[in-house]
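>>> Make a model of this:
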Amino acid sequence: MNEMKRIGVLTSGGDSPGMNACIRAVVKSAIGKGLKVFGIEDGYKGMIENRIKELSYTDVNNIIHLGGTILGTARSDAFRTLEGRQKAVSNLKSHQIDALVLIGGDGTFAGGMDLTTEFDVPVIGLPGTIDNDIYGTDFTIGYDTCLNTVVEAVDKIRDTASSHHRVFFVEVMGRASGYIALNSAIASGAESVLIPETITDIPLLAKEIKDQNKGIRSSIIIVAEGDDEGGAQEIMAKVKPHLEEYDLRYSVLGHIQRGGSPSAFDRILATRMGVKAVELLVEGKKSLMIGQIGRDLATRNILEGTTGTISNDDSGIHLLESLLTKG
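All right, here's what the predicted structure looks like:
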């Protein structure tokens, strides 16, 4: 491999708090090693459209606290085609970019694998997604901030639920992963949680709500958007015939979960991962993703981040159930 001189960095997929902290770490650590760094706007879409610019040290000053991503992010159907990827690589070559740091989720990693296998472009993947659904890391960049946002919102919803004696079904993001739902339920003191990893029994859920209320008639039920019975609105409609005497409401938190200033945890995680990515590229490593296992950073083949299977273990469910009154 030729000596590393120029690297590109992009953010792709859904934005997550801490992406800017990660960009900052990549740029500043790379410049410190004598490298030039190029920011690719709007992910693979910007790579195809040649929207690539050099980033200076001052370009990334005062962004560590910002949510979102200064580089932008977008989906790209064109990149899914060989012709699109050929154009993207041609643009990388025109800027003499030797390697890429990719910040995003499994789709971002899959695109990086295509660049490596088809064109031998060295890539390092950093897991940036609020869903915490990347195999090979205990935490993804943005998950902690998202969790705190959800808990803050649920705390406020509980105030009005208690005041009006209502049962609220609160929908959170998560697709096929219930990490946000389960851990926000534990942290907010929710009475129940519905996640994709478990089958929802509507009559049993209704019974549990009755058992929990004991005349109080206010409860919080956290619903992952990927639940097998649907989102919060659908669940509420299915439970209603079993709880006709209850005042039911639902709330969809939506994209508020993606925004906001990243937590201290996410800023530190993103910074550590960004610096490590540059170190790996300088060492001639490629096709790796960086994760955090326990307190330590760990690497594995980026392909595992796109194909590995993760799921919530039963400990969180058992923890929540142990706090609930039965019968």
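
>>> Tell me where the chain has helices.
19-32, 43-48, 82-94, 106-119, 143-164, 179-188, 202-213, 232-239, 264-282, 302-307, 315-321 (DSSP state H).

>>> which residues are in contact with the last one?
Residues outside helix 315-321 that contact it (C-beta atoms under 8 Å, 6 or more residues apart in numbering): 182-183, 185-186, 190, 192-193, 198. No exception for glycine: its C-beta is placed from N, CA and C like everyone else's.

>>> Including pLDDT, could those residues go into a markdown table?
Converted to a markdown table, the contacts of helix 315-321 look like this (pLDDT from 0 to 100):
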| residue | pLDDT |
| --- | --- |
| 182 | 93 |
| 183 | 94 |
| 185 | 94 |
| 186 | 94 |
| 190 | 92 |
| 192 | 90 |
| 193 | 92 |
| 198 | 86 |
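
>>> Make a ChimeraX selection of whichever of those residues turn out to be buried.
Selecting only the buried entries of those in ChimeraX, with 16 or more other C-beta atoms under 10 Å as the criterion:
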select :182,183,185,186,190,192,193,198
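
>>> of all the contacts of helix 315-321, which comes closest to residue 93?
The closest of the contacts of helix 315-321 to residue 93 turns out to be residue 183 (C-beta to C-beta; 43.7 Å).

>>> mind listing what that closest one touches?
With C-beta under 8 Å, 6+ apart, residue 183 has these contacts: 147, 316.

>>> how close does it sit to residue 156?
Taking C-beta to C-beta, to the nearest Å as the measure, residue 183 and residue 156 are separated by 18 Å.

>>> Please list all residues in contact with the closest residue to residue 54 other than its chain neighbours.
Using C-beta to C-beta, 6 or more residues apart in numbering and skipping the chain neighbours, the partner closest in space to residue 54 is residue 38 (5.4 Å). Residues in contact with residue 38 (C-beta under 8 Å, 6+ apart) are 6-9, 52-55, 95, 97.

>>> Report the two of those residues separated the most.
Top of the distance list for the contacts of residue 38 (C-beta to C-beta): 7 and 53, 13.5 Å.

>>> any chance of the helices of the chain in JSON lines, plus distance to residue 256?
Below are these laid out as JSON lines (distance: least, C-beta to C-beta, whole Å):
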{"stretch": "helix 19-32", "distance to residue 256": "17"}
{"stretch": "helix 43-48", "distance to residue 256": "22"}
{"stretch": "helix 82-94", "distance to residue 256": "33"}
{"stretch": "helix 106-119", "distance to residue 256": "22"}
{"stretch": "helix 143-164", "distance to residue 256": "6"}
{"stretch": "helix 179-188", "distance to residue 256": "12"}
{"stretch": "helix 202-213", "distance to residue 256": "25"}
{"stretch": "helix 232-239", "distance to residue 256": "14"}
{"stretch": "helix 264-282", "distance to residue 256": "16"}
{"stretch": "helix 302-307", "distance to residue 256": "27"}
{"stretch": "helix 315-321", "distance to residue 256": "23"}
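
>>> I'd like to know which of the ones you listed is closest to residue 296.
helix 264-282 (9.8 Å).

>>> what's in contact with that closest one?
Applying C-beta under 8 Å, 6+ apart, the set of residues contacting helix 264-282 is 4, 7, 17-19, 21-26, 29-30, 33, 35, 64-65, 98-99, 101, 122, 124, 126-128, 139, 141-145, 262, 288, 290, 292, 297, 299.

>>> Give me the nearest residue to residue 63, chain neighbours excluded.
Nearest to residue 63 is residue 20, by C-beta to C-beta, 6+ apart, at 4.4 Å.

>>> Quick one: neighbours of that neighbour, just the number.
When counting by other C-beta atoms under 10 Å, one arrives at 26 neighbours for residue 20.

>>> So it sits against residue 73, correct?
No. Look at residue 20 against residue 73 with C-beta atoms under 8 Å: they stay out of range, at 11.7 Å.

>>> before we move on, back to that, between residue 7 and residue 53, which one's more packed in?
residue 7 (24 against 13).

>>> how near is the more buried one to residue 26?
8 Å.

>>> list residues touching both of the two?
37, 101, 278.

>>> The second one: what's it in contact with?
Contact partners of residue 101, counting by C-beta under 8 Å, 6+ apart, are 7-10, 26, 123-124, 126, 274, 277-278, 281.

>>> Show me the shaky parts of the stretch 101-250 of the chain.
In the predicted model, the stretch 101-250 of the chain carries pLDDT under 70 at residues 213-217.

>>> how does it look with 80?
Flagging of the stretch 101-250 of the chain using pLDDT under 80 yields the residue ranges 175-176, 212-217.

>>> From the centroid of this protein, which residue is nearest?
residue 129 (1.8 Å; C-alpha atoms, centre = their mean).

>>> Could you find the closest non-adjacent residue to that residue?
Here the residue nearest residue 129, using C-beta to C-beta, 6+ apart, is residue 105, at 4.0 Å.
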